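Engineer: I'd like to go over a predicted model; first the sequence, then the structure.
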Amino acid sequence: MRKISVLMPTYNDAQYITKSLHSIFEQNYNNWELIIVNDGSTDETERLIKSFDDNRIKYIYQENSGQLNALLTGSKYIEGDIVLLFHSDDELANNRVFSNIIHSFDSHKEMDGLYADYLIIDKNGNQTGILKVPDQIHQTEIIKKVFYHKGDNTVGDTFIVKRDVFNNYVLPNYIYDNTIYYINYKEFKTLNLMKIEPWYKYRVFDENYIHSEVGKFEVSNGCFRTIYKLLSNNYCSGPLLPFSNLFVLKVFRKLKLYRLFSIKKGTSIHVDLARKVYSLWRNELISKQFPDLSIKQIDKILHSINRIGKHSKPLYIDKKEIESIPYLFHGKDVRRFYQAYQAGEMGNLYQLILDSEYDHIIVESEEDKEIVQAILKFYSLFYDVIVERRSDV
């Protein structure tokens, strides 16, 4: 009998978490575990959770470090065969959700995961609409849609996946990197996902985290990184813009953002094309009142695209500067980064890379290069990083 592991990060959701928990306890399928990670709540959240006396609940408290770090903490306690994400201010659609999930996986053993339309509810739990998502996941088409939507997840982040898929895709992509979970970015492939009947009631109200400044920055930073990974087509090596896949060419042509360039394996996209896409994106962020840091980041991305292949104005970063950074931020740390930025505590190197005028970066060792590339990846910047020993500089 398969066990379902429910991951629930929570932060100051005392107003809604009781309803969320009741919707789990009302399920007609009982082989589940609920892993709740309290991300430093300051309201009555903990008391309300502890009022549910059930050994299927695993409760963990941690200092506030953001939703993705809460999920990373919770992932260490997973024992189930199927893993799903459920937010503490939302509700399950009915009491058959878990049994339907089990039936879907049993009937379609080839599937990696499930997804569905979202039932939209207001702060009082009244349904106000349905958020439609694509009916099928066609590998090339869905990646095009992600590209068209500027890195936005077209099927939503509330995953339902097999445990091995969680470990191999959700952990590195979504939780650690704050990018779309179901894409293999190296091979331009997607997971095998199947759409089921709506199972999730998504609460939309003015106080939603996504409407806050830090929430908007987390969204834009993740979307930037998703497109960065699609463009570079590589997780680990230096930022590049080569394409062995032709879907991007078709995307740009459909958008009428093309100029003449050769269609050959390894051909680089002309910088004017990338510039046009990001310029349109920048205008959209401004119109939707994203925080200044989001605008500053996309301006730097545009600058880095304009400097691809140029090595005339180096930024020298010595080992002492690298060793002085207080923390190496990754996608999961966006909330922490935003708070550090607001407080002026993110470290001089992050400020230097964001504010300085340069077209490539020179460091002293491969180890230093790896760290600088991690910072560039966090910012989604396409600058080259070159190693030159101090005696050569």
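Structural biologist: Looks like it came in fine. Numbering: from 1, shown residues only.
Engineer: Surely Glu213 and Ser294 touch.
Structural biologist: No. Look at Glu213 against Ser294 with Cβ atoms under 8 Å: they stay out of range, at 9.1 Å. The way it works is simple: take the backbone N, C-alpha and C, and place the C-beta from them, glycine included.
Engineer: More neighbours: those two, which one.
Structural biologist: Ser294 (24 against 15; other Cβ atoms under 10 Å).
Engineer: what about the more buried one, which helix or strand?
Structural biologist: helix 292-306 (DSSP states H and E).
Engineer: where does the protein have low pLDDT?
Structural biologist: By pLDDT under 70, the low-scoring segments of the chain are 139-145, 147-149, 207-208, 233-274, 390-393.
Engineer: what's the longest helix in it?
Structural biologist: helix 213-232 (DSSP state H).
Engineer: picking that back up, so what touches the very next helix or strand once past the helix holding Ser294?
Structural biologist: Toward the C-terminus, helix 292-306 is succeeded by strand 314-316 as the next helix or strand (DSSP H and E). With contacts defined as Cβ atoms under 8 Å, 6 or more residues apart in numbering, strand 314-316 is touched by Leu352, Ile353, Ser356, Tyr358, Asp359, His360, Ile361, Ile362, Ile386, Val393.
Engineer: any idea where the strands of the stretch 101-250 of the chain begin and end?
Structural biologist: Assigned by DSSP state E, counting those that start in this stretch, the strands in the stretch 101-250 of the chain fall at 113-115, 118-121, 127-131, 160-162, 183-184, 189-190, 193-195, 200-203, 242-243.
Engineer: partners of the longest one in the sheet?
Structural biologist: With DSSP bridges as the test, strand 127-131 is paired with strand 118-121 (antiparallel).
Engineer: neighbours around the closest residue to Asn178 other than its chain neighbours, how many?
Structural biologist: Spatially, and ignoring its direct neighbours in sequence, Asn178 is nearest to Gly331 (3.2 Å; Cβ to Cβ, 6 or more residues apart in numbering). When counting by other Cβ under 10 Å, one arrives at 22 neighbours for Gly331.
Engineer: what do you get for Asp112?
Structural biologist: With other Cβ under 10 Å as criterion, Asp112 counts 20.
Engineer: With Met194 as the reference, measure out to it.
Structural biologist: 9 Å (Cβ to Cβ, to the nearest Å).
Engineer: hang on, the earlier thing: to Phe98, which of the strands of the stretch 101-250 of the chain lies closest?
Structural biologist: In terms of Cβ to Cβ, the element of these nearest to Phe98 is strand 160-162, at 10.1 Å.
Engineer: Now do that closest one: distance to the chain's middle.
Structural biologist: 17 Å (Cα atoms, centre = their mean, to the nearest Å).
Engineer: do stretch 75-94 as well
Structural biologist: For stretch 75-94, the distance to the chain centre is 18 Å (Cα atoms, centre = their mean).
Engineer: Quickly list the domain ranges of this protein.
Structural biologist: Domains of the chain are assigned by automatic domain parsing as 4-211, 214-392.
Engineer: Quick one: end-to-end length of the longest one, please.
Structural biologist: Distance between the two ends of domain 4-211: 31 Å, counting by Cα to Cα, to the nearest Å.
Engineer: Neighbours of Lys189, how many?
Structural biologist: For Lys189, using other Cβ under 10 Å, the count is 13.
Engineer: Likewise for Asn31?
Structural biologist: 14.
Engineer: That one against Ser5, yeah?
Structural biologist: No. Look at Asn31 against Ser5 with Cβ under 8 Å: they stay out of range, at 10.5 Å.
Engineer: Just want the most central residue of this structure.
Structural biologist: With distances taken as Cα atoms, centre = their mean, the residue of the chain nearest its centroid is Asn178 (2.3 Å).
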